[in-house]
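*Asks:* Need the 3D shape of this:
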Amino acid sequence: MPLTDLPLDELRTHRPEVRCPDDFDAFWADTIASARAAAERAGAVPVLTPAVTPVTALTVEDLVFPGFAADPVRAWVTRPAGAGDEPLPAVVEFLGYNGGRALPGERVAWALAGYVHVVMDTRGQGSGWGGGETPDPHGSGPHIGGWMTRGIEDPADHYYRRVYTDAVRLVDAVRTLPGVDPARIALTGGSQGGGTTIAAAALVEAHVGPVTAVMPDVAFLCDWEHGALVATSDPYQELVRYLAVHRDAAETVWTTASYLDGVNFAARITAPALFSVALMDDVVPPRTTFAAYNALASTDKHIEVYPYNGHEGGGFRQWERQAAFLAARP
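*Replies:* Below you'll find the predicted structure:
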């Protein structure tokens with residue numbers, strides 16, 4: 001497949017105009033406060049139980065924590081077995097589109113590298129790959145199959161408002177887990193998980209505290225409006241198909257999207273950041289990831305470019321670079 005987007009030298013300076021509502025920060029402050037208040041009213045707290053797994057060289061636990069509206073959300077927590085009293089740094093991971101947390105013990109690299117690894121189940125997803133176990137009990141109006149247009153009529157009802165809130169509430173929970181150093185928490189994820197990483201990082205900085213690092217790969221959910229115009233496949237094409245039927249809804253759609261756009265979140269991130277992008281990616285146009293990267297407020301920021309890869313990105317080679325990036329920022 002040839003290059004799917006702009007030349008690299010243009011991508012490095014690409015700064016599109018992205019809508020940002022005046023009440024963006026207030027909207028999210030109210031959202032996070034509401035989720036915390038709902039959990040307090042319900043008496044819902046994070047609960048850890050041992051996972052059933054043949055993996056014995058690591059400790060694997062099932063975490064249930066209160067997310068958006070205090071809905072129970074699941075995660076796996078994997079850590080080095082027999083870790084001493086010294087708290088360990090944590091890496092919180094968010095997953096790609098239609099994926100779930102899968103089976104306990106499937107994702108072990110971060111724990112083998114000495115971190116407490118927490119991988120969040122994405123509500124409602126997990127039937128495309130890696131089974132999921134977290135339902136999304138909230139409905140929506142008419143929408144295209146997938147997740148982009150669920151609740152697109154109003155940002156308060158949109159699916160990703162719930163996912164991003166789950167991500168922040170997971171960091172709230174991780175900071176209280178035994179054996180975790182709350183001052184050393186990094187966030188990562190690929191594709192949808194990369195977009196969630198960006199949103200979560202900005203919201204955690206604003207409403208929880210600093211994070212050690214932000215490490216999104218081939219990040220989706222950035223520059224929605226332009227992504228829909230240039231992407232040749234789903235999920236961005238879900239927006240196109242919706243608007244092809246709802247011909248008068250463009251202003252509503254892009255206004256809702258502006259509350260969820262990774263570019264607007266990136267502009268609020270000051271933590272060290274390591275992004276990655278693949279120039280032959282026909283799922284997430286590279287310009288959309290660069291739009292978020294170039295908007296970062298971070299002074300310590302880097303992007304790995306994979307010129308000959310598609311949406312699979314840098315794979316394990318990128319994980320090695322993330323591990324080195326974290327090791328240099330203890």
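
*Asks:* what's around residue 106, how many residues?
*Replies:* Neighbouring residues of residue 106 were enumerated by other Cβ atoms under 10 Å; the total is 14. The way it works is simple: take the backbone N, C-alpha and C, and place the C-beta from them, glycine included.

*Asks:* and if you look at the one 5 residues further on?
*Replies:* Number of residues near residue 111 (other Cβ under 10 Å) recorded here: 26.

*Asks:* Over to residue 144?
*Replies:* Neighbourhood size, residue 144 [other Cβ under 10 Å]: 21.

*Asks:* you'd agree it is up against residue 238?
*Replies:* Yes. Using Cβ atoms under 8 Å, residue 144 and residue 238 qualify as a contacting pair, with a distance of 4.5 Å.

*Asks:* Spit out the contact partners of the residue nearest to residue 211 when sequence neighbours are not counted.
*Replies:* For residue 211, ignoring the flanking residues on the chain, the nearest one in space by Cβ to Cβ, 6 or more residues apart in numbering is residue 271 at 4.9 Å. Contacts of residue 271 were listed using Cβ atoms under 8 Å, 6 or more residues apart in numbering, and they are 201, 205, 210, 211, 212, 213, 214, 298.

*Asks:* Make JSON lines out of these and add neighbour count and secondary structure.
*Replies:* Formatted as JSON lines, the contacts of residue 271 follow (neighbours: other Cβ atoms under 10 Å; DSSP: H, G, I helix; E, B strand; the rest coil):
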{"residue": "201", "neighbour count": "32", "secondary structure": "helix"}
{"residue": "205", "neighbour count": "18", "secondary structure": "helix"}
{"residue": "210", "neighbour count": "13", "secondary structure": "coil"}
{"residue": "211", "neighbour count": "24", "secondary structure": "coil"}
{"residue": "212", "neighbour count": "20", "secondary structure": "coil"}
{"residue": "213", "neighbour count": "23", "secondary structure": "strand"}
{"residue": "214", "neighbour count": "28", "secondary structure": "strand"}
{"residue": "298", "neighbour count": "17", "secondary structure": "coil"}
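
*Asks:* so residue 187 is in which element?
*Replies:* Secondary-structure element containing residue 187, defined by DSSP states H and E: strand 180-190.

*Asks:* now do residue 40
*Replies:* When elements are defined using DSSP H and E, residue 40 is found to belong to helix 24-42.

*Asks:* which strands and helices sit next to the helix or strand just after that helix?
*Replies:* Of the helices and strands lying after helix 24-42 in sequence (DSSP H and E), the nearest is strand 47-50. With contacts defined as 3 or more Cβ pairs under 8 Å, 6 or more residues apart in numbering; DSSP states H and E, the packing partners of strand 47-50 are strand 58-66.

*Asks:* For burial, what's the neighbour tally of residue 305?
*Replies:* Close neighbours of residue 305, defined as other Cβ under 10 Å, add up to 16.

*Asks:* roughly how far apart are the residue nearest to it when sequence neighbours are not counted and residue 114?
*Replies:* In space, residue 305 comes closest to residue 277 once its chain neighbours are excluded; the distance is 5.7 Å by Cβ to Cβ, 6+ apart. Distance of residue 277 to residue 114, given as Cβ to Cβ, to the nearest Å: 28 Å.

*Asks:* more crowded one of the two?
*Replies:* When residue 277 and residue 114 are compared for neighbours, residue 277 comes out ahead with 30 against 14, by other Cβ under 10 Å.

*Asks:* Contacts only, for the residue most central in space within the chain.
*Replies:* Averaging the C-alpha coordinates of the chain gives a centre point, and the residue nearest to it by Cα atoms, centre = their mean is residue 196 (1.9 Å). If you count contacts by Cβ under 8 Å, 6+ apart, residue 196 has them with 94, 122, 163, 164, 167, 189, 221.

*Asks:* Quick check: which element contains it?
*Replies:* Per DSSP H and E, residue 196 falls inside helix 192-207.

*Asks:* Next, the angle from that helix to helix 24-42.
*Replies:* Relative orientation of helix 192-207 versus helix 24-42 (axes from the mean of the first three to the mean of the last three Cα atoms, to 10 degrees): 90 degrees.
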